[in-house]
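> Quick one, what's the 3D model for this:
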Amino acid sequence: MRIVIFGATGKTGHHLVAQALSAGHEVRAFVRDASRLPMRHERLQIVEGDVLDATWVEQAVSNTDAVLSALGHTKTSANGVQTVGMENIVGAMKKNGVSRLVSLTGAGVRDEKDSPKLVDRVFGLLLKLLQPAVLEDAERHAEVIKASDLDWVIMRVPRLTDGPKTGEYRVGYVGKNSGTKISRADVADFMLRQLIDDEYLRQQPMISY
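Numbering: from 1, shown residues only. Here you go, the predicted model:
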């Protein structure tokens, strides 16, 4: 499958690229700075650009079969990077006839199937108090996806670790069959599985240990 990965230079993005190549996919990694992705492979194409620029995004999505997004916030991120970036991604997918989209976000983004416990409510309150702009951007990015007619999966995660890929994790909702952490390697594993698995199509599951 020909896939394009946004957020490829992040810690989770590195795992996505490496695992996608191991699985035999043709990978186009969309990055702001190619020097931050020191991988080379015959099936890897590295494209420099800005996700806030619709023209760059449209070119990156062209001639692909699916899109994976691990966009997140860094110290140098523009305000609304997830929302604006996803607006551009969705628009590019529609123009290019690409339907499968898997996007990563935090567990602070709520779903109607959630049953948050006290610890979840405290965590959500802290996010609103300490990082309100980041949380709002994540929520708005999810709304952009849900308003589209694409074949999407929004994957939510708790605290990320640098542990190994195990392939063994729980898939649930906040407060329901959920834990407090997950490795970035297993996040990448689940995201790649969603390229061909329709079990969570147009849903917002949370994965954890």
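> Any chance you could list what contacts stretch 75-88?
Residues outside stretch 75-88 that contact it (CB atoms under 8 Å, 6 or more residues apart in numbering): 6, 51-54, 57-58, 69, 71-73, 103, 105, 133, 137-138, 140-141, 144-145. In this view, the C-beta of every residue, glycine as well, is placed from N, C-alpha and C.
> Of the residues you listed, which count as buried by neighbour count?
Buried members of the contacts of stretch 75-88, scored by 16 or more other CB atoms under 10 Å, are 6, 51-52, 54, 57-58, 69, 71-73, 103, 105, 137-138, 140-141, 144-145.
> Please narrow the residues you listed to those residing in strands.
6, 69, 103, 105 (DSSP state E).
> Show me which of these is closest to residue 40.
residue 6 (19.8 Å; CB to CB).
> Now for the protein, the helix or strand with the poorest mean pLDDT.
helix 118-130 (a mean of 76; mean pLDDT, DSSP states H and E).
> buried set for that one?
Buried residues in helix 118-130, counted by 16+ other CB under 10 Å: 120, 123-124, 127.
> Distance of the residue with the largest distance to the centre of the chain relative to residue 124?
Of all residues in the chain, residue 118 has its C-alpha farthest from the mean position, at 26.5 Å, by CA atoms, centre = their mean. According to CB to CB, to the nearest Å, residue 118 and residue 124 sit 11 Å apart.
> ok now do the residue nearest to the spatial centre of the chain, which residues does it touch?
In the chain, the C-alpha nearest the mean C-alpha coordinate belongs to residue 104, at 2.5 Å (CA atoms, centre = their mean). Contacts for residue 104 (CB under 8 Å, 6+ apart) come out as 7, 12, 69-72, 155, 157, 187, 191.
> give me that answer again for 10 Å
6-7, 10, 12-13, 16, 68-72, 82, 138, 153-157, 160, 184, 187-188, 190-191 (CB atoms under 10 Å, 6 or more residues apart in numbering).
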